[in-house]
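1. Based on what follows, work out the 3D shape:
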Amino acid sequence: MERVIGLLGGGQLGRMLNEDANRLGIRIIILDAEKSPAKQINANESHINGSFTDPEKIRELARQVDILTVEIEHVDTQVLEEIAEKGVEVTGADGKKSLKRVEVQPSWRTIRVIQDKFLQKGHLEKNGVPTALSQSLESTEQALKAFGEEHGYPFMLKARKDAYDGRGNYPVKSVSDIKEALISLEGRALYGEKWATFKKELAVMVVKTNDDPSQTLESTIAYPTAETVHEDSICKLVYAPAREISARLQSEAQHIARKAVSSLWGKGVFGVELFLMDDDSILLNEIAPRCHNSGHYTIEACPTMSQYKAQLLSILDRMPSFPSSTIPSKSPATIMLNILGGSTEEAHNELLKQAIAIPDAALHLYGKASKPARKIGHITLIASSMTEAETTIAPLIQTVNKIRAGRTATPPVGSTISSAQKLVLVTMGSDSDLPVLKPGLALLKELGISYQETITSAHRTPKRMIEAAENAAANGFKVIIAAAGGAAHLPGMIASSTTLPVIGVPVKASTLDGVDSLYSIVQMPRGVPVAAVAINNSINAALLAARILATSDPVLFAKLEKYAQDMEDGVIIKAKRLEEVGFEKY
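-> Alright, predicted model coming up:
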């Protein structure tokens, strides 16, 4: 692998690219600031200090390499076109000057189209890739009002260029937001995008191995479909494979991602972001022409072919083929958690200690100074099941939530339920169920088990119920207690939306003495388990939750042993008294 690669950008993506390059013996020369993260682990003396957007610095890099690639798409495509099509001027050993053409991967054409998100949308639509409706807009209140009247509110106002991690986007929820939206994105070319009501965000990393665009998928290879969770418009978590979606939908997401990438020019790895809509249709959101945050998990999940290794091999024409054009995960379940800087430089130290203490967790730090909301590292956890992975990573997510709270002085976004230090989520269909739950809540408190109580009606607030269930594991909960009367659908619907253990408490209603509730909770279909306790018996629900938690908590286990012993002692005392005084005086 004698060809030399020139890298525009030396941040964390470049750092991880260099880690794989070092193992493969591939030489990379980096253009970025001195002591940038990638340069910290590459001792090449030929690195160039400067901006990767500076045309002359790019030409200087091109003179030393055989292939140029990017760590970030915000580069000068005019100079890249010049270098690829005409060449860069070099001086030979004899003093003569000539033009040296250098490959640019992926092609400058692709980078240029992707840089302008509105052009990107048009290109995808032209090639039959489903995306949200979009329209170029003048920066006037009249233009935005017309778009809102035609396509409805809310809609997303977006900057066409230089937008990432939510920067350059403004949600226009009503006419009253228009003026502020224009101020926020002042001086930038804009387009409007019809609001996409999605239930999950998905991501697929795709490798392209051919220079030319194609209507077939032969030159593309896909990684598994992952699920991404964002907070403050920044990726917080990646689950691979995506949770609770069918194999058909996972395959469809891969197909759409491959189709989109096949339509582009050049080789390399592409990060494809998608929306899974409420009706199970899939829309492509946007493409990154490089390795991507949503693909970090591949380092551990695909240890022989991470996205970084695939980037190197594909642009060097050394990429091997894979059965079904899919790079499989070696891990049944993988979760990636981003580390963002907190309010102080030391805010993340406790999180690092927690991560290092987990044998199946891999900690990656980027060599960057900690600043509020800056990506400074990530943690990847592998496990034999998603349930195991979610349970193991839950304490780390709690710590990340604390870091964010300290940074923003606000509770975590994306959940209507607070979960700091909470292990048991206790929910009910109505506040009329609360008297039944109070004894169980009191017992949880007595045992020192933290809990969060809330109301989520299966019939009156179904979206809130599903949101609470889907977010429960990520928010650190390990057990859910759900109480309901009458039709009592709540425990079963909660169980269908999470892999956490769910304990149902049948509540005695005004008719049928609660038997209807008991039957409803007990008679769950195979594959959706709910543990049902006796009617109105929240004490047993609390005890069962405690026993589940005690399997990994010796202190709680000891408390439960004492609780059982106290019950036994209490019965023995009563028995002795009855035996001594007889039933008449008892």
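2. Could you count how many residues lie near the closest residue in space to residue 194 that isn't next to it in sequence?
-> Nearest residue to residue 194, sequence neighbours excluded (CB to CB, 6 or more residues apart in numbering): residue 133, at 4.1 Å. All C-beta spots, glycine's among them, are computed from the backbone N, C-alpha and C. The number of residues packed near residue 133 is 16, by other CB atoms under 10 Å.
3. Which parts of the stretch 101-250 of the chain are strands?
-> Counting by DSSP state E, counting those that start in this stretch, the stretch 101-250 of the chain has these strands, from start to end: 103-104, 134-137, 155-159, 169-172, 190-194, 198-208, 220-222, 226-231, 234-240.
4. cool, and the stretch 301-450 of the chain?
-> Counting by DSSP E, counting those that start in this stretch, the segments of the stretch 301-450 of the chain that form strands are 333-340, 361-365, 375-383, 424-428.
5. mind checking the end-to-end distance for stretch 531-541?
-> The stretch stretch 531-541 measures 9 Å between its terminal residues, going by CA to CA, to the nearest Å.
6. what's residue 462 in contact with, if anything?
-> Contacts were defined as CB atoms under 8 Å, 6 or more residues apart in numbering; by that measure residue 462 touches residue 493.
7. Can you give me the pLDDT of it?
-> Here, the pLDDT recorded for residue 462 equals 88.
8. Show me this protein divided up by domain.
-> For the chain, the domain assignment from automatic domain parsing gives the residue ranges 5-104, 133-194, 199-408, 424-552, 557-586.
9. Using CSV, please lay out these together with distance to residue 113.
-> Written out in CSV, the entries for the domains of the chain read as follows (distance: least, CB to CB, whole Å):
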stretch, distance to residue 113
domain 5-104, 9
domain 133-194, 12
domain 199-408, 7
domain 424-552, 35
domain 557-586, 59
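10. Relative to residue 110, which of those domains is closest?
-> Put simply, out of the domains of the chain the one that sits nearest residue 110 is domain 199-408, at 4.4 Å, with distance taken as CB to CB.
11. Residue nearest the middle of this protein, spatially speaking?
-> Nearest to the centroid of the C-alpha atoms of the chain, with distances taken as CA atoms, centre = their mean, sits residue 228, at 2.6 Å.
12. thought it was touching residue 294?
-> Yes - using CB atoms under 8 Å as the test, residue 228 is close enough to residue 294 to be in contact (5.3 Å).
13. which residues do those two both contact?
-> Shared contacts of residue 228 and residue 294, defined by CB under 8 Å, 6+ apart, comprise 203, 235, 238, 273.
14. Skipping adjacent residues, who's closest to residue 502 in space?
-> residue 495 (4.2 Å).
15. Please report how far the one you found lies from residue 221.
-> Residue 495 sits 37 Å away from residue 221, going by CB to CB, to the nearest Å.
16. got it, and residue 40?
-> Residue 40 is 31 Å from residue 221, where distance means CB to CB.
17. mind listing what the residue nearest to residue 194 touches?
-> With CB under 8 Å, 6+ apart as the criterion, the residues that contact residue 133 are 151, 193-194.
18. for residue 434, same thing?
-> With contacts defined as CB under 8 Å, 6+ apart, residue 434 is in contact with 428, 453.
19. which sections of the stretch 151-300 of the chain are below the confidence cut-off?
-> By pLDDT under 70, the low-scoring segments of the stretch 151-300 of the chain are 165-166.
20. The host helix or strand of residue 19 vs strand 375-383, what angle?
-> Assigning secondary structure by DSSP states H and E places residue 19 in helix 12-24. For helix 12-24 against strand 375-383, the angle by axes from the mean of the first three to the mean of the last three CA atoms, to 10 degrees is 60 degrees.
21. and helix 12-24, what other elements does it pack with?
-> The contact analysis (3 or more CB pairs under 8 Å, 6 or more residues apart in numbering; DSSP states H and E) places helix 12-24 against strand 5-8, strand 28-32, helix 307-315.
22. contacts for the shortest one?
-> Read that as strand 5-8. Among residues not part of strand 5-8, those counted as contacts by CB under 8 Å, 6+ apart are 14, 17-18, 21, 26-32, 38, 52, 58, 61-62, 64-72, 75, 102, 312, 315-316.
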